[in-house]
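[1] Sharing a model that was predicted from the sequence below.
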Amino acid sequence: MPAPLSPRAYPAKQNHHPITHSPYSEGSSAVQLPHRFLVVTPTPVTDEYDNPTPDLDYGPDAPRRVMWGLLQPVTSAEPAEPGRRPVTTAWRLFGIERLVARERIEWRERVLEVDGEPDCWEPRFGHVHYETRLRHVEG
């Protein structure tokens, strides 16, 4: 049996810290997860009487975790709105960890929102993986 492969270090683009390659993609031909990002899980906001409100807090106190996946752009649109020129980009995320509908992704100085419920794919022979639709609005 061959010796296990050691993780490779890749330089980061913006912050110049080394990024360790995904442990899931080493020696695996079926799953390649080249992108590393942060998942932000919101915390519920309460009012002055400790009652829950519909607001969610994604600030610095919200829990964050590192996740590996494959991000691919899907579409881009520039809807016409008076006084505003937004650009909406849709992305698809393939990964082996489940996300929930209200979580956000921080990747390359962008914040991507989960759009709808993530799909779980359980092939009869193969790796179970999750496909998540993401949305980024700028402007």
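    Thanks, I have it.
[2] which residue is nearest the centroid of the chain?
    For the chain, the residue nearest the mean C-alpha position is Ile105 (3.9 Å; C-alpha atoms, centre = their mean).
[3] how about the strands in this structure?
    Using DSSP state E, the strands of the chain run over 9-11, 18-20, 35-40, 43-46, 52-57, 64-77, 87-95, 104-107, 110-114, 119-121, 129-138.
[4] could you give the mean pLDDT of the longest one?
    Strand 64-77 shows a mean pLDDT of 92 in the predicted model.
[5] ok, and what's touching it?
    The contact list for strand 64-77 (C-beta atoms under 8 Å, 6 or more residues apart in numbering) reads 22-25, 32-41, 87-97, 106-107, 133-134. No exception for glycine: its C-beta is placed from N, CA and C like everyone else's.
[6] Give me the distance from that strand to the chain's centre.
    Offset of strand 64-77 from its chain centre (C-alpha atoms, centre = their mean, to the nearest Å): 5 Å.
[7] Note down every partner strand of it and its orientation.
    Here strand 64-77 has these sheet partners by DSSP bridges: strand 35-40 (antiparallel), strand 87-95 (antiparallel).
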